[in-house]
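Undergrad: Show me the folded form of this:
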Amino acid sequence: MQNEIAHAERVYLSAQQKSAAASSPIIASWCRCMTMHMLAPEEARGPLRLTEQEFRAVRQQSERLIAESAEELDRLFSTVGKAGCCLLLTDRNGVALDRRGAISDDKDFRRLGLWPGSIWTEASVGTNGIGTAIADERPVAIFRDQHFLSSNIRLSCTTAPIRDHRGQITAALDISTCREDVNEVALAILSQAVRDAALRIEANLFRSAFPGARFVMVPAGANPTAALLAVDKDDLILGATRAARLALKLDDAHIAAGLPASDALHEHRNDDGGDLVEAERAALRRVLSRTSGNVSQAATLLGISRATMHRKMKKLELH
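TA: Residues are numbered from 1 along each chain as shown. Sure thing, here's the model as predicted:
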């Protein structure tokens, strides 16, 4: 009890210092909880919960997200589950949609509200990994007494937001633990794991949003696998992940205008008809590959005579 009282006093004192809020994302969150959401740190409350009917409706709206995340949740839980961790997948509104946890820990996590149907926004439960990651639109680790509510200071959590195919926040992935032996170093390791899993879920969502497209990896930053373009058969960009948008300075207007991937990637192209020549050469090479170099079969597949095929091959230096 003494720890809870001391924590509440620290929150009030810190929130009064404007310079502290400007320099600390945690204290800035504490200020939001008090001024925007009218919460008190000493208040004993759990997260708000949806009714069964409301929860079913929210899950139905998030079916694709849940399906594209399931394998990553299973993989991540197989790594951290035995360490007393609970995983939550939420939507953009902080509603817990899916969960992974050990049966032996279920009672404690359910009591804390780490359960499907709970709402983990800052407005619901103060500063916490999920709510603060969504509010700040960045990965967040909240270590024990960095939580706003005194009732949550034994909880440690780390969360990464998940973005949709347009680069907008669509979900969050969280690891939480109540283990007393977890330190900030261990939480940093968990933070990297949750960020990596969130990026893989983003990639799954991106690919499922553009069925039939070709995907191009954009060399960018520390994690180039996160920077992807979806490209159609004519080399026009259909979509781009947030990392690709930042790397190539793309937005919805550029994509809607029909931007060639080669232009966005600053690949050298001739403007003297070279693109058409290269396209024809590529088409002939593909069909010759499919026929193992048989010119007659290739000509038949292309609907041209063998003589025409030979002329094109000579012109394009494919002999």
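Undergrad: what comes into contact with stretch 94-102?
TA: Residues outside stretch 94-102 that contact it (Cβ atoms under 8 Å, 6 or more residues apart in numbering): 50, 55, 58-59, 62, 65-66, 69-70, 73-74, 76-77, 81-82, 84-91, 109, 114-121, 124, 130-131, 134, 171-172. In this view, the C-beta of every residue, glycine as well, is placed from N, C-alpha and C.
Undergrad: residues in contact with Leu48?
TA: The neighbourhood of Leu48, defined by Cβ under 8 Å, 6+ apart, consists of 118-119, 124-125.
Undergrad: Hmm, I typed the wrong one, I wanted Ala227.
TA: Taking Cβ under 8 Å, 6+ apart, we find Ala227 in contact with 217-221, 241, 243-244, 247.
Undergrad: one more time with 10 Å, if that's ok
TA: By Cβ atoms under 10 Å, 6 or more residues apart in numbering, the contact set of Ala227 is 216-221, 240-248.
Undergrad: gap between it and Gly212?
TA: Between Ala227 and Gly212 the computed distance is 21 Å (Cβ to Cβ, to the nearest Å).
Undergrad: ditto for Ile103
TA: In terms of Cβ to Cβ, Ile103 sits 42 Å off from Gly212.
Undergrad: for Ala44, same thing?
TA: Taken as Cβ to Cβ, the span from Ala44 to Gly212 is 53 Å.
Undergrad: coming back round to it: just the ones in strands from the contacts of stretch 94-102, please.
TA: The subset of those located in strands under the criterion DSSP state E comprises 85-91, 118-119, 171-172.
Undergrad: before we move on, back to that, now pLDDT and distance to Pro161 too, for the contacts of Leu48, in a markdown table please.
TA: What follows is those, written out as a markdown table (pLDDT from 0 to 100; distance: Cβ to Cβ, whole Å):
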| residue | pLDDT | distance to Pro161 |
| --- | --- | --- |
| Ser118 | 98 | 18 |
| Ile119 | 98 | 16 |
| Ser124 | 97 | 17 |
| Val125 | 97 | 17 |
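Undergrad: Most neighbours among those, please name it.
TA: Greatest neighbour count in the contacts of Leu48, by other Cβ atoms under 10 Å, goes to Val125: 28 neighbours.
Undergrad: Which residues are in contact with it?
TA: Taking Cβ under 10 Å, 6+ apart, one finds 33, 37, 39, 43, 45-48, 94, 112-113, 118-119, 131, 147-149, 151-152 in contact with Val125.
Undergrad: For Leu173, see how far away the nearest residue to Glu184 once chain neighbours are set aside is.
TA: Of all residues not flanking Glu184 in the chain, Phe143 sits nearest, at 5.5 Å (Cβ to Cβ, 6 or more residues apart in numbering). As defined by Cβ to Cβ, Phe143 lies at a distance of 18 Å from Leu173.
Undergrad: and if you look at Val194?
TA: Val194 sits 6 Å away from Leu173 when distances are taken as Cβ to Cβ.
Undergrad: which neighbours do those two share?
TA: Counting by Cβ under 10 Å, 6+ apart, the contacts common to Val194 and Leu173 are 76, 87, 129, 133, 139, 158-160.
Undergrad: Quickly check those residues for the two that are furthest apart.
TA: Leu76 and Ala133 (16.0 Å; Cβ to Cβ).
Undergrad: what about those two, which has more around it?
TA: Comparing Leu76 with Ala133 by other Cβ under 10 Å, the one with more neighbours is Ala133, at 29 against 24.
Undergrad: now Glu43: how far from Val125?
TA: When distances are taken as Cβ to Cβ, Glu43 and Val125 turn out to be 10 Å apart.
Undergrad: any residues in contact with both of the two?
TA: Counting by Cβ under 10 Å, 6+ apart, the common neighbours of Glu43 and Val125 are 148-149, 151.
Undergrad: Show me which residues of the helix ranked longest in the chain are buried.
TA: The helix spanning the most residues in the chain, taking DSSP state H as the definition, is helix 184-209. By 16 or more other Cβ atoms under 10 Å, the buried positions in helix 184-209 come out as 187, 190-191, 193-207, 209.
Undergrad: tell me the mean pLDDT for stretch 97-114?
TA: Per-region confidence: stretch 97-114 scores 94 on mean pLDDT.
Undergrad: Next, the distance between the ends of it.
TA: Counting by Cα to Cα, to the nearest Å, you get 11 Å between the two ends of stretch 97-114.
Undergrad: quick one on the thing from earlier: of the shared contacts of Glu43 and Val125, which is the nearest to Thr308?
TA: The shortest approach to Thr308 among the shared contacts of Glu43 and Val125 belongs to Phe148, at 75.0 Å (Cβ to Cβ).
Undergrad: so what's the closest one up against?
TA: The neighbours of Phe148, taking Cβ under 10 Å, 6+ apart as the test, are 7-8, 11, 15, 26, 29-34, 37, 39-41, 43, 122, 125-128, 131-132, 142.
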